[in-house]
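Visitor: can you look at this prediction? I've put the sequence above it.
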Amino acid sequence: MRIRIVHDTVYTYEQPARGLIQLMRLTPRDHDGQHVREWRIEPSVNGRLTAREDGFGNLVHWFSADEPTDALTVRVTGEVETFETDGIVRGAVERLPDLFYLRDTPLTEASPEIQAFAKRVAGAGESSPLAILHRLLAAVPEAVAFTPGPASASTNAAQAFAGGSGVCQDLAHVFVTAARHLEIPARYVSGYVRRADGDADAAHEGAAHADAAHEDSAHAWAEALVPDLGWVGFDPAYGLSTTEAHVRVATGLDYLGAAPIRGSRTGGGTETLTVTLRVGEGIAQAARSRVQSQGQSQSQGG
């Protein structure tokens, strides 16, 4: 499947902001399940854009604006060809030992309630890690209802579990937390997903601040380590293993390690953030679909 992504993040400030810096994990890497055909990051103001790799193996871009500005747009465009792997992630860049992903963070500490939840899931059937993870995949959205919308990066797994609902980020945190409590290495993944019902268009506007995260700007899921298979993707928001509709961008111990954009500035007053996202067919695939549709129409008409 070829997936085309257009992702705009627009910041506006009451007054010109100085010393504007943006840290962006917005660029996917190749692995056996995806090939990046083209990708581009375009800030709307003059500045310096540099690329590096972080400790998790994610591609990270640093942008620093040359001059104060009262608005900044970061546009990401690209096309990724994906392949069905039944959720198994092979050929990805791995910089850390697998057992590192048993480490808790403030966002993924297991509350007594999550510990009890994980124990119930583990004891409800076959004891193999893969079987447990599939039961966990089904159980998380039953315990924490998926409610798309803006999120806060400060919401941890325990709070989301206690609240009984959350965005994809929250469900991924709960899944990761429960898996780690069961001694299964697990990590947080940010990326994009193309919905089965067609193009995934989204928009969000509102006040933004340092700990704000936005559901519309990216999707999130989890990966867990399965013996004899390796890392496998689980999307608790949709209750399925990752498919060719998922574009994997960044990984981390939690949201903060894989956040699409984080930044800092001096001054500027109130900041407003608008995010628009379009995830659809790649250009070549869309053309093939039109040709097939025309052919079917002609056959039906004839």
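Guide: Yes, it's here.
Visitor: only C-alpha atoms for contact and neighbour calcs from this point on.
Guide: Will do.
Visitor: contact partners for the closest residue to residue 53 other than its chain neighbours?
Guide: Closest residue to residue 53 apart from its sequence neighbours, by C-alpha to C-alpha, 6 or more residues apart in numbering: residue 59 at 4.8 Å. Applying C-alpha atoms under 8 Å, 6 or more residues apart in numbering to residue 59 gives the contacts 25-29, 51-53, 250.
Visitor: give me the pLDDT value at residue 59.
Guide: Predicted confidence (pLDDT) at residue 59: the value is 97.
Visitor: and it, its phi and psi?
Guide: Residue 59 has phi and psi values of phi -80, psi 130 when expressed as degrees, to the nearest 10.
Visitor: what is it paired to in the beta sheet?
Guide: On DSSP bridges, the residues paired with residue 59 through beta bridges are residue 27, residue 53.
Visitor: helix, strand or coil for residue 162?
Guide: Put simply, residue 162 is helix when judged by DSSP: H, G, I helix; E, B strand; the rest coil.
Visitor: from here on, call the first residue 207.
Guide: I'll keep to 207 as the first residue from here, and by that count the last item is residue 368.
Visitor: for residue 321, see how far away it is.
Guide: Using C-alpha to C-alpha, to the nearest Å, we find residue 368 at a distance of 12 Å from residue 321.
Visitor: neighbour-wise, which of those two wins?
Guide: residue 321 (17 against 13; other C-alpha atoms under 10 Å).
Visitor: would you confirm that that one contacts residue 385?
Guide: No - under the contact definition of C-alpha atoms under 8 Å, residue 321 does not touch residue 385, with a separation of 9.8 Å.
Visitor: who does the closest residue to residue 249 other than its chain neighbours form a beta bridge with?
Guide: The spatially closest residue to residue 249, leaving aside those adjacent along the chain, is residue 280, at 4.4 Å (C-alpha to C-alpha, 6+ apart). Beta bridges link residue 280 to residue 215, residue 249 when assigned by DSSP bridges.
Visitor: so for residue 280, what's the pLDDT?
Guide: Per-residue confidence at residue 280 stands at 96 (pLDDT).
Visitor: and stretch 210-222, average pLDDT?
Guide: Taken as a whole, stretch 210-222 carries a mean pLDDT of 94.
Visitor: got the buried residues for it?
Guide: For stretch 210-222, the buried set under the neighbour-count rule, 16 or more other C-alpha atoms under 10 Å, comprises 210-219, 222.
Visitor: got these as a markdown table, with secondary structure and distance to residue 315 columns?
Guide: Supplementary listing: the buried residues of stretch 210-222 in a markdown table, determined by DSSP: H, G, I helix; E, B strand; the rest coil; distance: C-alpha to C-alpha, whole Å:
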| residue | secondary structure | distance to residue 315 |
| --- | --- | --- |
| 210 | strand | 36 |
| 211 | strand | 33 |
| 212 | strand | 34 |
| 213 | strand | 32 |
| 214 | strand | 33 |
| 215 | strand | 30 |
| 216 | strand | 33 |
| 217 | strand | 32 |
| 218 | strand | 35 |
| 219 | strand | 35 |
| 222 | strand | 39 |
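Visitor: residue 483 and residue 450, how far apart?
Guide: 19 Å.
Visitor: give me the more crowded residue out of these two.
Guide: Neighbour comparison, residue 483 and residue 450: the larger count goes to residue 483, with 22 against 19 (by other C-alpha under 10 Å).
Visitor: could you find the closest non-adjacent residue to that one?
Guide: Residue 483 sits nearest to residue 213 (C-alpha to C-alpha, 6+ apart), 4.5 Å away.
Visitor: which residues sit in contact with the one you found?
Guide: Residue 213 makes contacts with 281-283, 423, 481-484, as judged by C-alpha under 8 Å, 6+ apart.
Visitor: nearest to residue 363 among the buried residues of stretch 210-222?
Guide: The shortest gap between residue 363 and any of the buried residues of stretch 210-222 belongs to residue 215, at 26.2 Å (C-alpha to C-alpha).
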